[in-house]
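> here's my sequence, what's the structure:
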Amino acid sequence: MGKGKRYDNEPKLNYTKVFAVAIAIIVLIIAIIAIKNILTKAKNTKPLEIKNYFAVYQDEKWGILGSDGEMVIEPMYQEMPIVIDSSKDIFLYTYDINEEEGTYKTKVINSKNEEIWTKYDKVESLENYDKSGNVWYEKDVLKVQKDGKWGLITLNGNEISEIIYDDIKTLKGVENSIIVEKDGNIGLLNNKGIKIADTEYSQIFKFGEDYKNGYITVNKENKYGLISLSGEKILENNQEKIEEIYSDKYFVITENKKQQLIDKQGNKILTENFDEIKQIANSGIIFTKQNKYGLMDFEGNTVIEPTYEELKEINSDVFSAKKDGKTGVIDKEQNEKIAFLYQDINYNKKAGIYIADDENYKSTLLDTNFEIKVMGILSEINTDIGYMKLNIDDDYKYYNFKFEEKKVQDILLSNRLFMKKENGKYGFVDSKGNKVVDYIYDDATEFNKYGYAAVKKDGLWGSINSEGNIVIEPTYNLEDNLIIDFIGKWHLGLDLNMNYYCDK
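Coordinates of the predicted model:
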């Protein structure tokens with residue numbers, strides 16, 4: 001019996017489409033489950049922490065310490081390892097030193113104590129230091145020797161210059177500036193191995209305090225010139241001497257043993273009525289005459305008579321000045337902005353704060369209107385995070401750059417515990433102010449970024465971890481240490497330039 005007309009005209013089911021839809025639904029369900037598992041795993045997994053590395057000294061041997069307080073390489077070397085970048089497991093060693101013959105060997109090892117980059121005869125750091133003698137190493141670059149010639153590599157081992165130079169060294173006091181020597185002449189590279197100046201000079205000096213200001217060059221005829229950070233000629237090498245006094249418009253040269261101020265075109269701007277130019281300020285030059293400091297504008301008019309023992313522009317048209325052995329602050333009209341009561345006064349441009357220090361290392365902090373805002377012993381000023389830490393009445397207080405007092409919990413956001421003082425003793429509380437470590441210590445530090453705090457009791461120092469548990473009981477006499485810092489049971493060594501930890 002046949003079906004009626006209604007059934008005869010019913011469309012047939014498309015099995016291909018049904019199958020595709022079913023597959024799509026299954027894929028969607030699988031994707032949702034996978035995402036859920038990933039999110040759950042991420043929620044229950046602690047973020048991977050990057051280990052840092054430091055030189056460690058124990059029993060007259062050197063090794064490598066991790067920022068978790070665990071030994072990475074047991075102390076086994078006679079010479080201190082150089083850690084160029086504490087976040088990378090690349091360590092430089094010098095050995096077989098013969099001081100009489102001036103010979104030595106070098107090698108590079110990783111955190112597994114495996115020697116790497118063995119194709120080079122020597123691998124060395126590029127050491128530099130500032131005017132105070134503080135040592136640092138050029139970032140992400142090393143010098144290597146092969147067959148008696150030197151070149152540059154990165155901390156990843158990539159060669160960034162030809163190995164063709166007779167010697168390589170740093171331009172002292174300036175970062176990102178590497179002197180290369182070839183055939184008795186010198187040139188200049190930056191930390192990426194890019195050439196700034198050909199090897200055609202006899203000397204190269206810094207111009208100002210930063211490599212961005214350019215460089216003074218001296219040719220074979222002992223004539224001075226000036227180049228930019230990219231190597232562009234600013235002044236040709238035809239000057240008797242160019243002083244290391246920075247300005248982007250004017251330059252101090254010497255002609256017939258007498259200083260002069262010139263512009264980029266070589267025009268003479270100021271040539272007389274001063275003995276020596278000390279600084280190019282916003283509105284003129286700071287000069288000396290008969291050992292007294294004054295200010296002269298660029299037309300040669302004396303703005304501030306040379307009557308001060310010292311004069312230095314610390315902000316635009318704002319000067320620290322010294323008279324009768326005391327320092328104050330004046331403007332170019334000689335209006336007294338900060339009284340002449342201090343040992344030294346400086347301006348922190350990033351923070352927008354004047355810092356006046358007396359002979360007892362007590363600081364008076366003033367805003368840009370020269371209003372005194374807070375006084376105490378300035379322990380730290382952090383322009384990255386934006387806070388100041390001062391010791392006031394034998395207690396530590398924190399301020400932002402608006403001079404608003406802040407709780408330490410609002411400043412050190414990554415810390416779990418925070419130092420607190422009660423009844424003359426230090427302990428630690430959590431972010432809600434609950435006591436975790438009893439108030440039993442005579443002194444203490446906040447936790448460092450590796451999760452350790454130093455605690456002092458009965459004249460000796462020890463450390464606790466981020467949970468408040470004792471890592472090492474107060475054991476060390478660190479009265480001669482300028483900075484107290486711990487990683488595990490190891491404390492920062494006495495010589496800050498060496499940046500090592502030890503247990504003595």
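
> could you list the domains of this protein?
In terms of domains, the chain is parsed into 5-37, 414-504 (source: automatic domain parsing).

> just name the most buried of those domains.
Highest mean neighbour count of the domains of the chain: domain 414-504, a mean of 17 (counted as mean count of other Cβ atoms under 10 Å). (Glycine included, C-beta is placed from N, CA and C.)

> measure that one end to end?
Domain 414-504 has an end-to-end distance of 30 Å (Cα to Cα, to the nearest Å).

> and what of stretch 422-430?
The first and final residues of stretch 422-430 sit 15 Å from each other (Cα to Cα).

> distance between that stretch and the chain's centre?
Centre-to-centre, stretch 422-430 and its host chain are 32 Å apart (Cα atoms, centre = their mean, to the nearest Å).

> who's in contact with it?
Contacts to stretch 422-430, defined as Cβ atoms under 8 Å, 6 or more residues apart in numbering, come from residues 416-421, 435-444, 453, 455, 464, 468.

> show me the contacts for Asp59.
Contacts for Asp59 (Cβ under 8 Å, 6+ apart) come out as Pro75.

> how much space between it and Leu152?
Computed with Cβ to Cβ, to the nearest Å, the distance linking Asp59 and Leu152 is 36 Å.

> Ser247 versus Gly294, what's the distance?
Taking Cβ to Cβ, one finds Gly294 at 18 Å from Ser247.

> of the two, who's got more company?
Taking neighbours as other Cβ atoms under 10 Å, Gly294 and Ser247 compare with Gly294 leading, 21 against 17.

> for the closest residue to Ile178 other than its chain neighbours, name its beta-bridge partners.
In space, and not counting its chain neighbours, Ile178 is closest to Leu189: 4.7 Å by Cβ to Cβ, 6 or more residues apart in numbering. Judged by DSSP bridges, the bridge partners of Leu189 are Ile178, Lys195.

> what does Lys322 give?
When bridges are called by DSSP bridges, Lys322 pairs up with Glu310, Thr327.

> isn't it right up against Glu309?
Yes: if you go by Cβ atoms under 8 Å, Lys322 and Glu309 touch, sitting 4.4 Å apart.

> between those two, which one's more packed in?
Taking other Cβ under 10 Å, Lys322 and Glu309 do not tie; Lys322 has more neighbours (19 against 14).

> what sits against that one?
By Cβ under 8 Å, 6+ apart, the residues touching Lys322 are 308-311, 328, 340.

> just the buried ones from those residues?
In the contacts of Lys322, burial by neighbour count holds for 308, 310-311, 328, 340, counting by 16 or more other Cβ atoms under 10 Å.

> so where is the protein shaky, pLDDT-wise?
1-49 (pLDDT under 70).

> for it, what's the longest strand?
Secondary structure assigned by DSSP state E gives strand 372-382 as the longest strand of the chain.

> could you list the paired strands of it along with their orientation?
Strand pairing for strand 372-382, using DSSP bridges, gives strand 363-366 (antiparallel), strand 387-392 (antiparallel).

> all helices of the chain, in order?
Along the chain, counting by DSSP state H, helices occupy 5-8, 15-44, 408-411.

> show me what contacts Lys332?
Contact analysis of Lys332 by Cβ under 8 Å, 6+ apart lists 283, 295, 303-304, 317, 319.

> residues near the residue nearest to Asp198 when sequence neighbours are not counted, how many?
Nearest non-adjacent residue to Asp198, counting by Cβ to Cβ, 6+ apart: Gly187, 5.1 Å away. Using other Cβ under 10 Å, Gly187 has 20 neighbouring residues.

> please name the residues that touch Gly187.
Contacts for Gly187 (Cβ under 8 Å, 6+ apart) come out as 179-180, 195-201, 204.

> isn't Lys397 up against Lys407?
No: counting by Cβ under 8 Å, Lys397 stays clear of Lys407, with 9.8 Å between them.

> same drill for these two, tell me which one is more crowded.
Applying other Cβ under 10 Å to Lys397 and Lys407 shows that Lys397 carries more neighbours, namely 17 against 12.

> quick check: the more buried one vs Thr364, distance?
Going from Lys397 to Thr364 by Cβ to Cβ gives 15 Å.

> follow-up on the earlier one: just the contacts of Lys322 now: which is nearest Asp503?
Within these, the smallest distance to Asp503 is 45.3 Å, found for Glu310 (Cβ to Cβ).

> spit out the contact partners of that closest one.
Neighbouring residues of Glu310 by Cβ under 8 Å, 6+ apart: 293, 320-322, 327.

> what of Lys258?
Contacts here follow Cβ under 8 Å, 6+ apart; on that basis Lys258 touches Thr271.

> who does it form a beta bridge with?
With DSSP bridges as the criterion, Lys258 is bridged to Glu255.

> repeat that for the one 10 residues further on.
In this structure, Lys268 has beta-bridge partners Ile262, where bridges are defined by DSSP bridges.

> just give the nearest non-adjacent residue to Ile483, would you?
That would be Leu492: by Cβ to Cβ, 6+ apart, it lies 5.9 Å from Ile483.

> scratch that, Gln58
Once flanking residues are discounted, Gln58 sits nearest to Pro75: 4.5 Å by Cβ to Cβ, 6+ apart.

> what is the burial count for the one you found?
If you count neighbours by other Cβ under 10 Å, Pro75 ends up with 17.

> which residues touch it?
56-59, 61-63.

> again with Val374
Shown in contact with Val374 (Cβ under 8 Å, 6+ apart): 365, 390, 392, 399, 403.

> nearest to Val83, of these?
Lowest distance from Val83 to the contacts of Val374 (Cβ to Cβ) belongs to Leu390, with 32.0 Å.

> do you know how far the closest one is from Ser320?
21 Å.

> for the protein, which residue is closest to the average position?
Nearest residue to the geometric centre of the chain (Cα atoms, centre = their mean): Trp136, 9.1 Å.
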